[in-house]
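Colleague: A structural model of the following input is requested.
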Amino acid sequence: MTSNRIHPSAVISDAVELGAGVTVGPNAVILGPAEIADRVWIGPGVVIGTPPEIADRVQNAAWTGEVMHTGVRIGEGTVIRELTTIHQGSHRTTTIGSNCWILNSSYVAHDCLIGDGVTISAGTRLGGHVIVGDIANLGMSVVVHQHRVIGAGAMVGMGTPITRDVPPFTKAYGNPPRLHGVNEYALRRLSYDDETIDRVRDSLLAADPSVLAGGLAAAPVREWLELAQREALTVMGVEE
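Modeller: Coordinates of the predicted model:
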């Protein structure tokens, strides 16, 4: 079994479960309940598992043992760089998938669900209950409003404030944010050919022409997002 490397100045509560080969840097704080899978790298000054900020709830000092919330789960091989903060869930476990890159000074609020292979660049902020699909990429200093969904394979440009859902395999950037077509790079990472990429583009265009016209996504977009994602995944031969 691979041993863990824990800096002496790190604080890890008894309610934290560590996998094998975990690295925890200087002055990091991990409060339970939390599950940290194998080969996770946690940088200096990272804070994981502090209580969520919810106005109508009593502030809970998790480090006293008075745990009132649902914890954090970090998937295998994920890298969490220095000074990142990840809050416990309030209704569901705050979850970060496997092989993610959570870069320095990022903030992941309570109840967020982040898929596998996601990149969250430096200084990015996710509000509570945000969902980020697999292999999505959020540029530096992106800010995502609470309860928003960023679809699988989406790319959000640096500095973009996201106040509406971002469809899967699309690009969104600017202020105000606008959609700028299909994220071909993400599709090619998944080894899809030009014909399949064209069909994904067509399925998204059929759902809402603004995807390729640089317009804002229709509001409300949740129903359309689900339809577009189902159609795109069907084209790609992926079963939900």
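
Colleague: From now on I want contacts and neighbour counts done on CA atoms only, so please keep to that.
Modeller: Fine.

Colleague: and stretch 15-22, what's its mean pLDDT?
Modeller: For stretch 15-22, the mean pLDDT works out to 96.

Colleague: From the chain's centroid, how far away is stretch 19-27?
Modeller: When distances are taken as C-alpha atoms, centre = their mean, to the nearest Å, stretch 19-27 is centred 21 Å away from the chain's centroid.

Colleague: mind checking the end-to-end distance for it?
Modeller: For stretch 19-27, the first-to-last residue distance is 20 Å (C-alpha to C-alpha, to the nearest Å).

Colleague: Start at 314, not 1
Modeller: Got it, the first residue is 314 from now on, which makes the last one we talked about stretch 332-340.

Colleague: ok, and what's touching that stretch?
Modeller: With C-alpha atoms under 8 Å, 6 or more residues apart in numbering as the test, stretch 332-340 has contacts from 314-324, 348-359.

Colleague: Distance check, residue 349 against residue 355.
Modeller: 10 Å.

Colleague: Next: residue 382.
Modeller: Residue 382 sits at a distance of 22 Å from residue 355 (criterion: C-alpha to C-alpha).

Colleague: re earlier: now, the contacts of stretch 332-340 that are in strands?
Modeller: Among the contacts of stretch 332-340, the ones falling in strands (DSSP state E) are 318, 319, 324, 348, 349, 354, 355.

Colleague: Just the closest of these to residue 423, please.
Modeller: Comparing the ones in strands among the contacts of stretch 332-340 against residue 423 with C-alpha to C-alpha places residue 348 closest, at 15.2 Å.

Colleague: May I have the residues that are in contact with the closest one?
Modeller: Residues near residue 348 by C-alpha under 8 Å, 6+ apart: 329, 330, 331, 332, 385, 386, 387.

Colleague: and stretch 495-507, how far apart are its ends?
Modeller: First residue to last in stretch 495-507 (C-alpha to C-alpha) measures 12 Å.

Colleague: Closest to the centroid, which residue in this protein?
Modeller: In the chain, the residue lying closest to the centroid (C-alpha atoms, centre = their mean) is residue 427, at 3.4 Å.
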